[in-house]
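S.K.: Return atomic coordinates for the entry below.
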Amino acid sequence: MDFIYQDPYPILKDDTQYKKISSEYVKVEKLGDREILTIDPKGLELLSEVAMNDVSFMLRTKHLKSLANILDDPEATDNDRFVAYNLLQNASVAIEGELPSCQDTGTAIVMAKKGENVYTGADDAEWLSRGIFNTYEKKNLRYSQIVPISMFEEKNSGSNLPAQIDIYAKKGSSYEFLFLAKGGGSANKTFLYQKTKSLLNEKGMEEFVREKIKDLGTSACPPYHLALVIGGTSAEANLATVKKASAGYFDNLPTSGNMAGQAFRDLEWEKRVQEICQESAIGAQFGGKYFTHDVRVIRLPRHAASCPVGLGVSCSADRNIKGKITKEGIFVEQLETNPGQFLPEVAPHLAPAVEIDLNRPMAEVLAELTKYPIKTRLKLSGTVIVARDIAHAKIKELLDAGKPMPDYFKNHPVYYAGPAKTPDGMPSGSFGPTTAGRMDPYVNEFQAAGGSMIMLAKGNRSQQVTDACAEHGGFYLGSIGGPAAILAKDNILKVEVVDFEELGMEAVRKITVKDFPAFIITDDKGNDFFANL
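M.R.: Residues are numbered from 1 along each chain as shown. As a prediction, this is how the structure comes out:
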């Protein structure tokens, strides 16, 4: 056989619309017969800073159009429309540049391809990190990166660094980039399955997809851009492809394979997986058709003894943006600057929500909630306690030491969340819910001690939570994952730290809310919304 080599990921075109952010920092120099694109590393800093700023407050036009399509689809459920409308409202708030679209402003990730004729004379990752640092320092974003001091001691880095930066070599005289802000909830819904040849048939693949999309659940804020990758020369190659595919990076791959092993999109299976997702009835978080906006299925070569399969998503905060540096200057992908154009003049008609006054004794609030079935839409007003992972661990330490649970955990609902920085003159920074499932191990013990009787967060939960609520008379209320900016602007009136101030965004807070939207997901009778899907 003759030697064959080609680009394993042959992207056939780039139809991205770019905007120029600078003509400075680049020049072309001659080295013999070669033209060298020389880039002042300050140009890398500028590009990184602008890209991470834009992607924190703006979304792609295509993504926003997909949300608008949900509102126009007669097959969409009221819950689908409610979520889509809220996400479009959220985008219209975030575009103002004060409140990021999601409170989890993510891990900064940069994937770059550096041409052989590009010279910077610097450690490129350092200068890209400088730009990321600048954006997180200047804007109202959240520091989410936890660094290990020892095996079990950790601290917040206080800068959202380190970033993940991967730089590859390529031919040519351009420098190409993909920037991502990847939140923890979305990143946690990346799965690797080590399968075999037995999967590679119509029946096996369909059964696999129907089973495994349930692993995604709703905690990563659907509707999703879903990526399914079959094959790969290694497990890590598979998962890297999943991440880039979910970001739309491989949309212009070929649609068939060849003997060189090129990656390709399988359009037929993309359609089939999309249909399976719609049939699941999981919907846009609270039941319906729109579990996914779209699906990318990519086929890769594999070792004969291996068949890695990767599954992952880009969530409703679809924070992906391209950039490039050429001899013409420094460019970044143009994201949508007018998301309000996709909002209908009249909000979708929905049955009225049940109003719940939280400024009553806990027993009275529980007695009110027990009147309503799961799926009931609520508007919450009053006092809520905010606590997430580390705060729960601290409270468990108190119980383990024989000390009482703090009264605030008994007297008020607990909202699993961690805010972004607060803009000047506003009561709150972006403040959406975090993934409920991480707190599942605490629920039974805390409810037995009289706390966590009403929990507010996003996503599906385990059977142990359903059992605990049935035993102790508790409730889990689902909040919409994604619209953190509009919650901060319209629904959160006051925020104050009440405990563990040293934990930063993980500190326990008391917030005052008005008309805070939620759904009854798990009730005191052992009913769970997601168990019925």
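S.K.: The stretch 51-200 of the chain: strands as residue ranges?
M.R.: 107-115, 118-119, 146-148, 154-156, 164-170, 175-182, 191-195 (DSSP state E, counting those that start in this stretch).
S.K.: For Glu254, list the residues it contacts.
M.R.: Glu isn't right for residue 254; it's Pro. Neighbouring residues of Pro254 by Cβ atoms under 8 Å, 6 or more residues apart in numbering: Pro10, Leu12, Gln262, Ala263, Phe264, Arg265. For the C-beta atoms, the positions are set from N, CA and C on the backbone; glycine is no exception.
S.K.: these two touch, right, the fourth one and Ile11?
M.R.: No: taking Cβ atoms under 8 Å as the contact criterion, Ala263 and Ile11 are not neighbours in contact, 9.5 Å apart.
S.K.: Apart from its chain neighbours, what residue comes closest to the residue nearest the centre of the chain?
M.R.: With distances taken as Cα atoms, centre = their mean, Ser186 lies nearest the centre of the chain, 3.9 Å away. Of all residues not flanking Ser186 in the chain, Cys315 sits nearest, at 4.2 Å (Cβ to Cβ, 6 or more residues apart in numbering).
S.K.: tell me which element Leu37 is part of?
M.R.: Assessed by DSSP states H and E, Leu37 sits inside strand 34-39.
S.K.: what do you get for Ile325?
M.R.: Counting by DSSP H and E, Ile325 is found in strand 320-326.
S.K.: next SSE after that strand?
M.R.: Strand 320-326 is succeeded, C-terminally, by strand 329-333 (DSSP H and E).
S.K.: Burial check on the residue nearest to Ser186, number of neighbours?
M.R.: 24 (other Cβ atoms under 10 Å).
S.K.: how far off strand 175-182 does the strand holding Ile325 point, in degrees?
M.R.: 160 degrees (axes from the mean of the first three to the mean of the last three Cα atoms, to 10 degrees).
S.K.: same for strand 320-326, what does it pack against?
M.R.: On a contact count with 3 or more Cβ pairs under 8 Å, 6 or more residues apart in numbering; DSSP states H and E, strand 320-326 meets strand 34-39, helix 41-57, strand 175-182, strand 329-333.
S.K.: in the top strand by length along the chain, what counts as buried?
M.R.: For the chain, the strand that runs over the most residues, judged by DSSP state E, is strand 508-522. Neighbour-count burial for strand 508-522, counted by 16 or more other Cβ atoms under 10 Å, picks out 508-513, 516-522.
S.K.: got CSV for these, with pLDDT and distance to Ala304 too?
M.R.: Shown next, in CSV, are those (pLDDT from 0 to 100; distance: Cβ to Cβ, whole Å):
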residue, pLDDT, distance to Ala304
Val508, 94, 54
Arg509, 95, 55
Lys510, 96, 59
Ile511, 96, 56
Thr512, 97, 61
Val513, 97, 57
Phe516, 95, 55
Pro517, 93, 52
Ala518, 94, 51
Phe519, 92, 48
Ile520, 95, 51
Ile521, 94, 45
Thr522, 96, 46
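S.K.: CSV please, covering the residues you listed and showing distance to Gly418.
M.R.: Shown next, in CSV, are the buried residues of strand 508-522 (distance: Cβ to Cβ, whole Å):
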residue, distance to Gly418
Val508, 11
Arg509, 9
Lys510, 14
Ile511, 12
Thr512, 18
Val513, 16
Phe516, 17
Pro517, 19
Ala518, 18
Phe519, 21
Ile520, 24
Ile521, 20
Thr522, 22
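S.K.: Distance from the chain centre to the strand holding Leu37, please.
M.R.: 38 Å (Cα atoms, centre = their mean, to the nearest Å).
S.K.: same thing with stretch 327-338?
M.R.: 23 Å.
S.K.: The chain should start at 8 in everything you say after this.
M.R.: All set: I'll call the first residue 8, so the last point we hit is now stretch 334-345.
S.K.: Let me know which of the strands of the stretch 58-207 of the chain is tucked in deepest.
M.R.: strand 182-189 (a mean of 24; mean count of other Cβ atoms under 10 Å).
S.K.: what angle do that strand and helix 48-64 make?
M.R.: Using the same axes, to 10 degrees: strand 182-189 against helix 48-64 is 40 degrees.
S.K.: what's the angle from strand 182-189 to strand 41-46?
M.R.: Using the same axes, to 10 degrees: strand 182-189 against strand 41-46 is 30 degrees.
S.K.: Output the contacting helices and strands for strand 182-189.
M.R.: By 3+ Cβ pairs under 8 Å, 6+ apart, strand 182-189 packs against helix 48-64, strand 114-122, helix 242-253, strand 327-333.
S.K.: about what we covered before: can I get the strands of the stretch 58-207 of the chain in TSV with mean pLDDT and distance to Phe140?
M.R.: Shown next, in TSV, are these (pLDDT from 0 to 100; distance: least, Cβ to Cβ, whole Å):
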stretch	mean pLDDT	distance to Phe140
strand 114-122	98	9
strand 125-126	98	23
strand 153-155	96	14
strand 161-163	92	14
strand 171-177	97	12
strand 182-189	98	14
strand 198-202	98	31
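S.K.: out of these, which comes closest to Val57?
M.R.: strand 182-189 (9.5 Å; Cβ to Cβ).
S.K.: partners of that closest one in the sheet?
M.R.: strand 114-122 (antiparallel), strand 327-333 (antiparallel) (DSSP bridges).
S.K.: Tell me where the model's unsure across the stretch 208-357 of the chain.
M.R.: Counting by pLDDT under 70, the stretch 208-357 of the chain shows no low-confidence range.
S.K.: Nearest to Lys296 among the helices and strands packed on strand 327-333 would be which one?
M.R.: Short answer: strand 182-189, nearest of the helices and strands packed on strand 327-333 by Cβ to Cβ, at 26.2 Å.
S.K.: Now do that closest one against strand 171-177, angle only.
M.R.: Here strand 182-189 runs at an angle of 160 degrees relative to strand 171-177 (the same axes, to 10 degrees).
S.K.: Check the offset of strand 182-189 from the chain's centre.
M.R.: 15 Å.
S.K.: Likewise for stretch 240-258?
M.R.: Mean-position distance between stretch 240-258 and its chain equals 16 Å (Cα atoms, centre = their mean).
S.K.: Next, the buried residues of that stretch.
M.R.: Going by 16+ other Cβ under 10 Å, stretch 240-258 has these buried residues: 244-258.
S.K.: quick one: which of these is nearest to Lys34?
M.R.: After measuring the buried residues of stretch 240-258 against Lys34 - Cβ to Cβ - the closest member comes out as Tyr256, at 28.7 Å.
S.K.: what's the closest non-adjacent residue to the closest one?
M.R.: Tyr256's closest residue in space is Leu185 (Cβ to Cβ, 6+ apart), at 5.5 Å.
S.K.: now do Tyr92
M.R.: Closest to Tyr92 by Cβ to Cβ, 6+ apart is Pro355, at 5.6 Å.
S.K.: which residues in this protein form helices?
M.R.: Ranges of helices in the chain, per DSSP state H, are 48-64, 68-79, 85-101, 131-145, 191-194, 209-223, 242-253, 274-286, 369-376, 396-407, 414-418, 447-455, 470-479, 491-493.
S.K.: and the second one with strand 327-333, angle?
M.R.: Same thing as helix 68-79. 160 degrees.
S.K.: which other helices and strands contact helix 68-79?
M.R.: For helix 68-79, the packing partners by 3+ Cβ pairs under 8 Å, 6+ apart come out as helix 85-101, strand 299-309.
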